[in-house]
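J.: okay, here's the prediction I keep looking at, along with the sequence it came from:
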Amino acid sequence: MKIVLKNLTKIFPSRNKKVGGEVIAVNDFDFEIPDGKLIGLLGPSGCGKSTTLNLICGLEPPTSGQIFFGEDDVTHLPPENRGVGLVFQNYALYPHLTVEENIMFPLQNLRGKDRLTREEMQQRVRQAAKLVQIDQLMDRKPSEMSGGQQQRVAIARALVKMPRVLLLDEPLSNLDARLRLQTREEIRRIQQETGITTIFVTHDQDEAMSISDMIVVMKDGIVQQIGPPQEVYDDPANLFVAQFLGTPPINVFNAAVKRETLYIGDEAVLEVPGVGDRPVSAAIRPEGFIPKAGGRFVSKLERVEVMGRDTSVVSTHPESRNTFIRSIVPANAKLAASGERVSFDLYPNKVFIFDAETGERIRFKLKDGDAQ
Amino acid sequence: MKKNDLKGWLYLLPAMLFLGVFMVYPLFDVLVYSFEEGYNSASQTYHGVGLYNYAYVLRDPYFLQAVRNTFLLVIITVPVSTGIALLISLGLNAIKPLRNLFQTVYFLPYVTNTLAVGLVFMILFKKTAYTDGLVNLMIKWFGGQSVDFIDGPYWAKMFVLCFYTVWVVMPFKVLILTSALASVNPDYYSAAKMDATPGWRVFTKITLPMISPMIFYLVITGFIGAFKAYSDAIALFSTDLNAAGMNTIVGYVYDMLYGNSGGYPSFASAAALILFAIVLTITCMNLLISKKHVHY
């Protein structure tokens, strides 16, 4: 089921009328989620991603705009008639019911022509439990299970209704690191097996990048960029997106463009054809550094961290906005360090420049003639 | 290790002394009194040990009346007050404007003096030479027969006593249940809403189980409180409860000690221990039942 959001806006009125200050949680959302994909809604805390999820599932009414599932306008449908399954951040499993009773709960609510017999219900519950691989634990109470198992039960409970759309609110935030890796694969597998259009909310870019078909990066209620994870990473629309994606984070410098050349401090580090003279923010991905004697980018070496496969070079530079610059270079690369100085050349496609004020991307031509 | 043990006991000593003198010893003494036959409190003598005191109390019509009154009071007021308190709390939980005002209004009886409340109830229900009382006026308004609730038939007096008790114990229950309802995670209700759960099912399958520990707590303390009822009856029917036929078990114990027929600590002790046995049994039954129905 394709999901279309049209000019979706949600404004929370201010609690104190005198002070004012209403909150625009979701600002003019306009995008289409293709059928059968796994979408990651990504952004820092308070950027409106959970509100977006609540708008899609119908727990919150939008202030303006429309929501379509396929061709149906569901904007004013109550949540129960939308055919969405929602997995809550804390799972919201009923603590007094067993796993089986929890999963069966939505089915027991069906009335009229949708009413199921006891056998049909048990059949559906067994299917859903098998899909998330908890069919061994049907008699347990939620408190007798691990976080990962509870998560699976919550997904099974959302899936047992055979929803058109599956929504997951911060599905991995309550799990420990190892379980998180395992569970995100699990979510991917379940999504692919069922083919249900799935949207999940997360503030963890690793999580979103690793399993999504598409990510939607949000900030302050406004969509910053939509696209496949790799594309967004390789071609960020603005400084926020560039900084939000990637570990270690991108290195940002105060810089300037003079005569189509990028200057960081006094050093000309890169040719940027097609860009007029102006102050800019330059951002370099950690993997964009090539160690080279006499390289054009020189910084003060602090330490070298060996990480096995790669080496992380930690250095400082007076124009850097981060305390430390991190460059990831292959472990066998020879560092061009003389005394305290270390020099690099830069991969042009790993360097992005942004307007110094607005943070909007300024594109320049790459050597082979393609625009960046 | 040994030294630490000694220190620990030393720290416990004040509390243990206090509890020993004012709780354990009196409890033990009550047990002793209840088996001493013909105990005379003036001369501190008795002429035998046995079950006579229990036999006497259990045959005393006043005691049987008191037991009957107490049981009626318990059986009527505990479910009724808990039920109404639950309804009120659900209502309070559902409204947003004026919630604080209503919460305060419902809580006011809790901080009001029992005897003052009793006086107000007297004015509402008592029939005197000059007036029938407010309630009787209203009964007549609707074409009914006026009843003397304070000196009249047994059922009328019982009704007033129960009404009064329910009214007095309600605020605490409303307070506990409102906070229990407010502490249920709203995500459960959102989840239920997503699944199109009908209202009655949300109530029976989610709300009730979630607040069941608190309901259970209220029922147990309600039972114990109602079994110990005494001042309520005094406030309504004045001190000669036996004459009014509205005595309670605790009232009987008091009368045996200090009342007009008083001066019999042995009988009082026996009655108190019988009350203890009753409360213990009921509480154990409650605990057994709750194991099946209370979810933590």
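T.: Everything's here; your move.

J.: so B:Pro109 makes contact with B:Val120?
T.: No: using Cβ atoms under 8 Å, B:Pro109 is not in contact with B:Val120, being 10.4 Å away. (Glycine included, C-beta is placed from N, CA and C.)

J.: and the chain, what are its domains?
T.: I'll assume chain A. Domain segmentation of chain A under automatic domain parsing yields A:3-240, A:249-362.

J.: wait, I meant chain B there
T.: Split by automatic domain parsing, chain B gives B:1-50, B:61-293.

J.: chain A is nearest to which of those?
T.: domain B:61-293 (3.2 Å; Cβ to the nearest Cβ).

J.: and chain A, is the closest one touching that?
T.: Yes: Domain B:61-293 lies within reach of chain A by Cβ under 8 Å from any Cβ of the partner chain, at B:185, B:187-188, B:190-191, B:193-198, B:201, B:205-206, B:209-210.

J.: buried sites along the longest helix seen in chain B?
T.: Secondary structure of chain B per DSSP state H: the longest helix is helix B:61-94. Residues of helix B:61-94 classed as buried: B:62-63, B:65-67, B:69-74, B:76-78, B:80-82, B:85-86, B:88-89, B:92-93 (neighbour count, 16 or more other Cβ atoms under 10 Å in any protein chain shown).

J.: hang on, the earlier thing: want to throw the domains of chain A into CSV with mean pLDDT?
T.: Listed next are those as CSV, based on pLDDT from 0 to 100:
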stretch, mean pLDDT
domain A:3-240, 89
domain A:249-362, 89
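
J.: quick one: closest of those domains to B:Gly143.
T.: domain A:3-240 (45.3 Å; Cβ to Cβ).

J.: which parts of chain A sit against chain B?
T.: So far as Cβ under 8 Å from any Cβ goes, chain A lies against chain B at A:57, A:59, A:79-81, A:84-86, A:88, A:90, A:92, A:94-97, A:105-106, A:108-111, A:161.

J.: ok, now which ones touch B:Asp206?
T.: Slight slip there: residue B:206 is Ile, not Asp. Going by Cβ atoms under 8 Å, 6 or more residues apart in numbering or on different chains, B:Ile206 touches A:94, B:184, B:188-189, B:192, B:197.

J.: residue in the stretch 101-250 of chain A with the shortest distance to chain B?
T.: For the stretch 101-250 of chain A, Cβ to the nearest Cβ, closest residue to chain B: A:Pro106, 3.8 Å.

J.: for the helix or strand hosting A:Thr9, packing partners?
T.: Using DSSP states H and E, A:Thr9 sits in strand A:3-12. Here strand A:3-12 touches strand A:23-33, helix A:49-57, strand A:64-69, going by 3 or more Cβ pairs under 8 Å, 6 or more residues apart in numbering or on different chains; DSSP states H and E.

J.: helix or strand for the closest residue to A:Asp135 other than its chain neighbours, which one?
T.: Excluding its sequence neighbours, the residue lying closest to A:Asp135 (Cβ to Cβ, 6 or more residues apart in numbering or on different chains) is A:Ala129, at 4.3 Å. A:Ala129 is part of helix A:118-131, with elements assigned from DSSP H and E.

J.: using CSV, write down the CA coordinates of the helix or strand following that helix.
T.: Note on helix A:118-131: by DSSP H and E, the next helix or strand toward the C-terminus is helix A:147-159. C-alpha atoms of helix A:147-159 as CSV (Å, rounded to 0.1, in the frame of the first residue of the first chain):
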residue,chain,number,x,y,z
GLY,A,147,13.2,-7.0,25.7
GLY,A,148,13.8,-8.5,22.3
GLN,A,149,11.2,-11.1,22.8
GLN,A,150,8.7,-8.5,24.0
GLN,A,151,9.5,-6.5,20.8
ARG,A,152,8.6,-9.6,18.7
VAL,A,153,5.3,-10.1,20.5
ALA,A,154,4.5,-6.4,19.9
ILE,A,155,5.2,-6.8,16.2
ALA,A,156,3.2,-10.0,16.1
ARG,A,157,0.2,-8.2,17.7
ALA,A,158,0.5,-5.5,15.1
LEU,A,159,0.7,-8.0,12.2
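
J.: buried stuff in stretch A:133-145?
T.: By neighbour count with 16+ other Cβ under 10 Å, stretch A:133-145 contains the buried residues A:134-135, A:137-138, A:140-142, A:145.

J.: and if you look at stretch B:198-209?
T.: Going by neighbour count (16+ other Cβ under 10 Å), the buried part of stretch B:198-209 is B:201-202, B:205-207, B:209.

J.: just the buried residues of the residues of chain A next to chain B.
T.: Neighbour counting by 16+ other Cβ under 10 Å classes A:57, A:59, A:79-80, A:84-86, A:88, A:92, A:94, A:96-97, A:105-106, A:108-109, A:161 among the residues of chain A next to chain B as buried.

J.: number of residues surrounding residue 239?
T.: Reading this off chain A. 24 (other Cβ atoms under 10 Å in any protein chain shown).

J.: wrong one, I was asking about chain B
T.: So B:Thr239, with other Cβ under 10 Å, has 14 neighbours.

J.: looking at this, it is in a helix?
T.: No: residue state for B:Thr239 (DSSP: H, G, I helix; E, B strand; the rest coil) corresponds to coil; a helix is not indicated.

J.: need phi/psi at it.
T.: phi -80, psi -20 (degrees, to the nearest 10).

J.: look up the closest residue to residue 210, ignoring the ones flanking it.
T.: Picking chain A for this. Per Cβ to Cβ, 6+ apart, closest to A:Ser210 is A:Arg184, 6.3 Å.

J.: please refer instead to chain B.
T.: Nearest non-adjacent residue to B:Met210 (Cβ to Cβ, 6+ apart): B:Val184, at 4.7 Å.

J.: the one you found reaches B:Phe203, doesn't it?
T.: No: between B:Val184 and B:Phe203 there is no contact under Cβ under 8 Å: 11.4 Å.

J.: residue contacts, the residue nearest to A:Ser210?
T.: A:172, A:207, A:210-211.

J.: what packs against the longest helix of chain B?
T.: helix B:99-107, helix B:154-182, helix B:208-227, helix B:249-258.

J.: need the winner for burial among the ones you listed.
T.: Compared across those, helix B:249-258 shows the largest average neighbour count, a mean of 22 (mean count of other Cβ atoms under 10 Å in any protein chain shown).

J.: and it, what does it pack against?
T.: helix B:61-94, helix B:241-244, helix B:265-293.

J.: how about the second one: buried residues?
T.: In this case it means helix B:241-244. B:241-242, B:244.

J.: now the stretch 251-372 of chain A against chain B: closest residue?
T.: Counting by Cβ to the nearest Cβ, the stretch 251-372 of chain A gets nearest chain B through A:Gly359, at 36.1 Å.

J.: show me what contacts that residue?
T.: Residues near A:Gly359 by Cβ under 8 Å, 6+ apart: A:238-240, A:281.

J.: so how far is stretch B:58-66 from its chain's centroid?
T.: Distance of stretch B:58-66 from the chain centroid (Cα atoms, centre = their mean, to the nearest Å) equals 20 Å.

J.: mean confidence score for that stretch?
T.: Mean pLDDT, stretch B:58-66: 91.

J.: just checking, what packs against whichever helix or strand B:Tyr56 is part of?
T.: Using DSSP H and E, B:Tyr56 sits in helix B:52-59. On a contact count with 3+ Cβ pairs under 8 Å, 6+ apart, helix B:52-59 meets helix B:25-35, strand B:36-37, helix B:265-293.
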